[in-house]
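Student: Need coordinates for the following:
(one chain, ligands or ions: 2)
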Amino acid sequence: KKILTVIGARPQFIKAAPVSKVFEKSKKINEIIVHTGQHYDAAMSDIFFQELKIKQPLYNLEVGSASHGEQTGKMLNGIEKILIKEKPDFLLVYGDTNSTLAGALAASKLNIPIIHIEAGLRSFNRNMPEEVNRIVTDHLSEYLFTPTEDAIKNLNREGLGNRKIVNVGDVMYDACNEFIQEKYIIDDILKKYSIKEKNYILCTLHRAENTDNLEIFENIIRNLFNISKHKKIIFPMHPRTRKLIENKNILNLSNILFINPVGYIEMLHLMRNANLIITDSGGMQKEGYFLGTQAYVLRSETEWLELIKIGWNRLVLPSESEFYKKILDFKIEAFNREENFYGDGNAAKKICEFILSQ
Ligand code: UD1
Ligand code: UDP
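Tutor: Ligands and ions are numbered 1, 2, ... in the order given. Coordinates of the predicted model:
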């Protein structure tokens, strides 16, 4: 079977790593990878292909950054041409970015069946660009592979129960389990940043809701500054956030170490060894759970609700003026992590088997 996979943003490279490997190993799937070019800095793209040994994309559309409409439109145009040329049996997309939406839209117009991995998630906040992308992609897809049971309920509620829906678990769990095994000298990382194990906070920030509104962004930085008086913060900056931080001239806050985005393996170790994670990232909310580190999630709601329900992660409103107090009061508790919300770490294998059975 021939599958055309469209990816373009950092988390999609990580999600694709285990899946592409299983496809290749099966010898029954011929996968063609299209990189939209949504993320293009070496630290946002190339590093993942090298480090995670992902098959090189056959096509790169190099769309780069632009407004949502322009970016998605350019992708649509490029993907359509490739689909017509390659005539795949399926188009595969991951998650909820503009690259996901463009891939799904292009295939739907050509009647090519769509496989959506990480289907069925909902934050129920349509102001998030990702929420719109998810809903549209799910509704266009024939094969919906969900990471959780709750995601199936969401799909059924939207009348999609007649599609091919399988809860395979989270492909990010596969990736985390695989790449945490890679040799990495944690002592080198600790030395590089002058930090000690379980004695720092790891922070990332990039969501439109937190970076497009200057008041909110400044509130977050003010709170982080107050936290950093008590505990060192390591802050790998998404380029979108770097631009703001550079504009505000705050790169030199003494106890916040602003660094370039790091590779996935380093990130896994930074997460595992942190006291706490503060983030608005979707992926890191769960990776912290996989690796044993709790997180404060800088969002008003999340699509990974199960971790909020059990108290592993906590939501904090980015506009709350003194949220730093809550975070400083935080005490690490002994936690039972046995509940396996995200499957058994074999999501990629299950996806491959299901596709081959069709
Ligand atoms: C996108 C996704 C978001 C996902 C995130 C993962 C959408 C709507 N959003 O957000 O769901 O969580 O990726 O990281 O698809 N930039 C660079 N270099 C790069 C990439 C981006 O400088 O390699 C800068 C540009 O100024 C760009 C900005 O970052 O305008 C935002 O990039 P974009 O891809 O539009 O959105 P993300 O915030 O990365
Ligand atoms: N990540 C990384 N290096 C970084 C920041 C994030 O490897 O400097 C990884 C992170 O561990 C997770 C993925 O990138 O697997 C999440 O990406 P991001 O937060 O950009 O997107 P989201 O998950 O919010 O869509």
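
Student: biggest helix in this protein by residues?
Tutor: Criterion DSSP state H: the longest helix present in the chain is helix 68-86.

Student: Report the distance from that helix to the chain centre.
Tutor: Centroid separation for helix 68-86 versus its chain: 22 Å, with Cα atoms, centre = their mean, to the nearest Å.

Student: CA atoms only for it, dumped as CSV, please.
Tutor: Output of helix 68-86 as CSV, limited to C-alpha atoms (Å, rounded to 0.1, in the frame of the first residue of the first chain):
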residue,chain,number,x,y,z
HIS,A,68,-3.0,31.1,8.6
GLY,A,69,-4.8,31.5,5.4
GLU,A,70,-1.8,32.2,3.3
GLN,A,71,0.3,29.4,4.9
THR,A,72,-2.5,26.8,4.6
GLY,A,73,-3.3,27.9,1.0
LYS,A,74,0.3,27.5,-0.2
MET,A,75,0.4,24.0,1.4
LEU,A,76,-2.9,23.1,-0.2
ASN,A,77,-1.7,24.1,-3.6
GLY,A,78,1.6,22.1,-3.2
ILE,A,79,0.1,19.0,-1.7
GLU,A,80,-2.6,18.7,-4.3
LYS,A,81,0.0,18.6,-7.1
ILE,A,82,1.9,15.9,-5.3
LEU,A,83,-1.2,13.8,-4.6
ILE,A,84,-2.2,13.9,-8.3
LYS,A,85,1.3,12.8,-9.3
GLU,A,86,1.8,10.1,-6.6
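
Student: What is the three-state secondary structure of Y296?
Tutor: Under DSSP: H, G, I helix; E, B strand; the rest coil, Y296 falls in the strand class.

Student: Just list the residues touching it, thanks.
Tutor: 276-279, 313-316, 326-327, 330 (Cβ atoms under 8 Å, 6 or more residues apart in numbering). (C-beta placed from N, C-alpha, C; glycine too.)

Student: Kindly recompute the last result at 10 Å.
Tutor: 201, 203, 227, 276-280, 285, 288, 313-316, 323, 326-327, 330 (Cβ atoms under 10 Å, 6 or more residues apart in numbering).

Student: For PyMOL, write a command that selects the buried ones of the residues you listed.
Tutor: Selecting the buried subset of the contacts of Y296 in PyMOL, with 16 or more other Cβ atoms under 10 Å as the burial test, is done by:
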select buried, resi 201+203+227+276+277+278+279+280+285+288+313+316+323+327
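
Student: near ligand 2, from the contacts of Y296?
Tutor: Taking Cβ under 6 Å from any ligand atom as the test, ligand 2 is in contact with none of the contacts of Y296.

Student: residues near R299, how many?
Tutor: Neighbour count of R299, defined by other Cβ atoms under 10 Å: 22.

Student: Confirm for me that Y173 is in contact with E118.
Tutor: No: if you go by Cβ atoms under 10 Å, Y173 and E118 don't touch, sitting 11.5 Å apart.

Student: what is in contact with these two at once?
Tutor: Contacts common to Y173 and E118, judged by Cβ under 10 Å, 6+ apart, are 147, 347.

Student: Looking at those two, which one has more neighbours?
Tutor: Legend: neighbour count by other Cβ under 10 Å for Y173 and E118, higher for E118 (29 against 24).

Student: Next one: the residue nearest to that one when sequence neighbours are not counted relative to ligand 1, how far apart?
Tutor: Leaving aside its chain neighbours, E118 sits nearest to G95 (4.9 Å; criterion: Cβ to Cβ, 6 or more residues apart in numbering). Distance, G95 to ligand 1, using Cβ to the nearest ligand atom, to the nearest Å: 7 Å.

Student: do M267 as well
Tutor: 12 Å.

Student: Check E322 too.
Tutor: 27 Å.

Student: and that residue, that's in a helix?
Tutor: No: E322: not assigned to a helix; according to three-state DSSP it is coil.

Student: ok, it - contacts?
Tutor: Listed by Cβ under 10 Å, 6+ apart, the contact partners of E322 are 219, 222-223, 226.

Student: Who wins on neighbours among the residues you listed?
Tutor: Among these, N223 has the most neighbours (other Cβ under 10 Å), with 23 neighbours.

Student: Show the secondary-structure elements that the worst-scoring helix or strand of the chain on mean pLDDT is packed against.
Tutor: In the chain, the helix or strand scored least confidently by mean pLDDT, DSSP states H and E is helix 186-192, which has a mean of 89. Contacts defined by 3 or more Cβ pairs under 10 Å, 6 or more residues apart in numbering; DSSP states H and E place helix 186-192 against helix 264-273.

Student: now stretch 307-323: how far from the chain's centre is it?
Tutor: Relative to its chain's centre, stretch 307-323 lies at 19 Å (Cα atoms, centre = their mean).

Student: In the stretch 1-150 of the chain, which residue sits nearest ligand 2?
Tutor: Closest to ligand 2 within the stretch 1-150 of the chain is P11: 4.0 Å, counting by Cβ to the nearest ligand atom.

Student: From I234, how far out is that residue?
Tutor: Relative to I234, P11 is positioned 20 Å away (Cβ to Cβ, to the nearest Å).

Student: Quick check: nearest residue in space to F341, chain neighbours excluded?
Tutor: Closest residue in space to F341, ignoring its immediate chain neighbours: E306 at 4.7 Å, by Cβ to Cβ, 6+ apart.

Student: list the contacts for that neighbour?
Tutor: Residues counted as contacts of E306 (Cβ under 10 Å, 6+ apart) are 148-150, 286, 289, 312-313, 339, 341-342.

Student: Least confident of these?
Tutor: Of all the contacts of E306, E339 carries the smallest pLDDT score, 75.

Student: check contacts around it.
Tutor: 289, 306-307, 310, 312.
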